[in-house]
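Colleague: with the sequence up front, the predicted model follows.
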Amino acid sequence: MIITYYWPPGGGSAVVRWVKFVKYLGHFNYEPVVYAPLDPQYPVIDNSFAKDIPGNIVILKKKIWEPYKLFKWFTGRGKAENLLTGFTSETKKSRIRDNISNWIRSNIFIPDARKFWIKSSVRFLTHYLITNPVDAVITTGPPHSMHLIGFGLKKKLNIKWIADFRDPWTRIDFYRELLLTKYADRKHHRLEKEVLNQADRIIVVSETMKQEFAGLTSQSIIVIPNGYDEEDVKDAMIEKDSKFSIVYTGIMNQAREPKKLWHALSELISEDEKFAEDLELVFIGKIDYSIIENISAFKLESHFRKIDFMEHDRVIQYQRKAEVLLLPLNDAPNARSIVTGKLFEYLAARRPIVAIGPIDGDAAAILNETRSGRIFNFDDSLNLKNHIVELYNKFRSGNLKADSSKIERFSRRNLTAELAEVLTNLIGES
């Protein structure tokens, strides 16, 4: 049984990971049962994932109450306005009201605003699993309240339990922005440690996350990264953009903004008229309003094209058409451990990747191993600019490509084989 908050018709990387695992688990003789909320507050809706869900699996859904209507009312957001993750806002709002609502959300709703789903889910799933037993339960977070559902089932049924962490808990990049009291901070750390010590297996998405969690638990920790689905890129090669397109896909908050890139591009536009004619920045996804303001301040708005939302299968096509794929990482204390899901889809697109982040981090190691692009430190504007010039010259000569290799181990099917092995070993224990 997979317990997840994010599930179709929701969209984004949190949905992709477990939709793809569910898609391929049957190939390894495992029958998934999915438990997800009936009426959640998703940031985006993406119906393109429906085709990946096997038609013969059981999907259980139960109502969830979330305090987001109150949050929208208090902060002046419209009823139809989606709430974005990671402190991202597309419009200016009252900083005082946002800070107050952030304090309430962070200190009252622990571990997160889905906490009200925990007890009812434990009751419902306990009755279900008594009459419909499964070999193991997998919880995936964030939101980490999903892990507390798994913890509750473990205590009641002594069932095998795997906790999958797509992101850290107390070491996530925006943890310091939560305005936590000492009591709330202690409670987050206590709950995190309980989950890590009580789960039978811990799955994380990067090597650095594994090292960080290893200091908190003696339980077995396995790295299964995100990946790409070969079926998503099986079509014939498509025609590349006629412009020198630098494409970014996904949500971008302030911590992820590549300001040094804006500086480099602004200089190149003023120095090279032809570069100015050819440059196009294409961003697909929600972007914090402050980033739009900075793009304008650097006089890049005429080269900038923003697409608010596009279904996942079309996003894949834009990645493959791109001349360059942009991968800025969050400038945060845990930056070394950040390996975003889009990195692996970028690998599958086989276009040159320009990343901005720690050159000794996990994303850097993958880029170097696969020869799929280059990464530059957050403050390395000179080398970043020189590399953009190098890529542009190759674009002008018709020779811009990525020498990608060794990416097959990140295919969703191969990663599901690793998950199946973890399940088999766990179930085989007495």
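Modeller: Here it is on my side, so go on.

Colleague: now the stretch 101-250 of the chain, which segments are flagged as low pLDDT?
Modeller: 236 (pLDDT under 70).

Colleague: quick one: the strands in it?
Modeller: Assigned by DSSP state E, counting those that start in this stretch, the strands in the stretch 101-250 of the chain fall at 137-141, 161-165, 201-204, 220-223, 244-249.

Colleague: export the ones you listed to a markdown table and append columns for distance to Lys20.
Modeller: Where C-beta positions appear, they are placed from N, C-alpha and C, glycine not excepted. A markdown table is the format used below for those (distance: least, Cβ to Cβ, whole Å):
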| stretch | distance to Lys20 |
| --- | --- |
| strand 137-141 | 12 |
| strand 161-165 | 13 |
| strand 201-204 | 14 |
| strand 220-223 | 17 |
| strand 244-249 | 17 |
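
Colleague: make TSV out of these and add distance to Lys342 and mean neighbour count.
Modeller: Formatted as TSV, those follow (distance: least, Cβ to Cβ, whole Å; neighbours: other Cβ atoms under 10 Å):
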stretch	distance to Lys342	mean neighbour count
strand 137-141	18	25
strand 161-165	18	25
strand 201-204	18	22
strand 220-223	18	17
strand 244-249	6	24
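
Colleague: nearest to Glu369, out of these?
Modeller: Glu369 sits nearest to strand 220-223 of all the strands of the stretch 101-250 of the chain, at 14.0 Å, using Cβ to Cβ.

Colleague: and that closest one, what does it pack against?
Modeller: strand 201-204, helix 207-214 (3 or more Cβ pairs under 8 Å, 6 or more residues apart in numbering; DSSP states H and E).

Colleague: now do the same contact list for the residue nearest to Phe395 when sequence neighbours are not counted.
Modeller: Spatially, and ignoring its direct neighbours in sequence, Phe395 is nearest to Phe244 (5.0 Å; Cβ to Cβ, 6 or more residues apart in numbering). Listed by Cβ atoms under 8 Å, 6 or more residues apart in numbering, the contact set of Phe244 reads Phe275, Asp278, Leu279, Glu280, Glu323, Val324, Tyr392, Phe395.

Colleague: report the buried members of those residues.
Modeller: Phe275, Asp278, Leu279, Glu280, Glu323, Val324, Tyr392, Phe395 (16 or more other Cβ atoms under 10 Å).

Colleague: which of these fall in helices?
Modeller: Among the buried ones among the contacts of Phe244, the residues falling in helices (DSSP state H) are Phe275, Asp278, Tyr392, Phe395.

Colleague: between those, which sits nearest Glu418?
Modeller: Phe395 (37.1 Å).

Colleague: separation between Asn386 and Tyr392?
Modeller: Distance, Asn386 to Tyr392, using Cβ to Cβ, to the nearest Å: 11 Å.

Colleague: repeat that for Gly11.
Modeller: For Gly11, the distance to Tyr392 - Cβ to Cβ - is 33 Å.

Colleague: sorry, back to before: in JSON lines, list the contacts of Phe244 along with pLDDT and distance to Trp7.
Modeller: Listed next are the contacts of Phe244 as JSON lines, based on pLDDT from 0 to 100; distance: Cβ to Cβ, whole Å:
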{"residue": "Phe275", "pLDDT": "97", "distance to Trp7": "44"}
{"residue": "Asp278", "pLDDT": "97", "distance to Trp7": "41"}
{"residue": "Leu279", "pLDDT": "98", "distance to Trp7": "39"}
{"residue": "Glu280", "pLDDT": "97", "distance to Trp7": "35"}
{"residue": "Glu323", "pLDDT": "97", "distance to Trp7": "34"}
{"residue": "Val324", "pLDDT": "98", "distance to Trp7": "33"}
{"residue": "Tyr392", "pLDDT": "98", "distance to Trp7": "41"}
{"residue": "Phe395", "pLDDT": "97", "distance to Trp7": "40"}
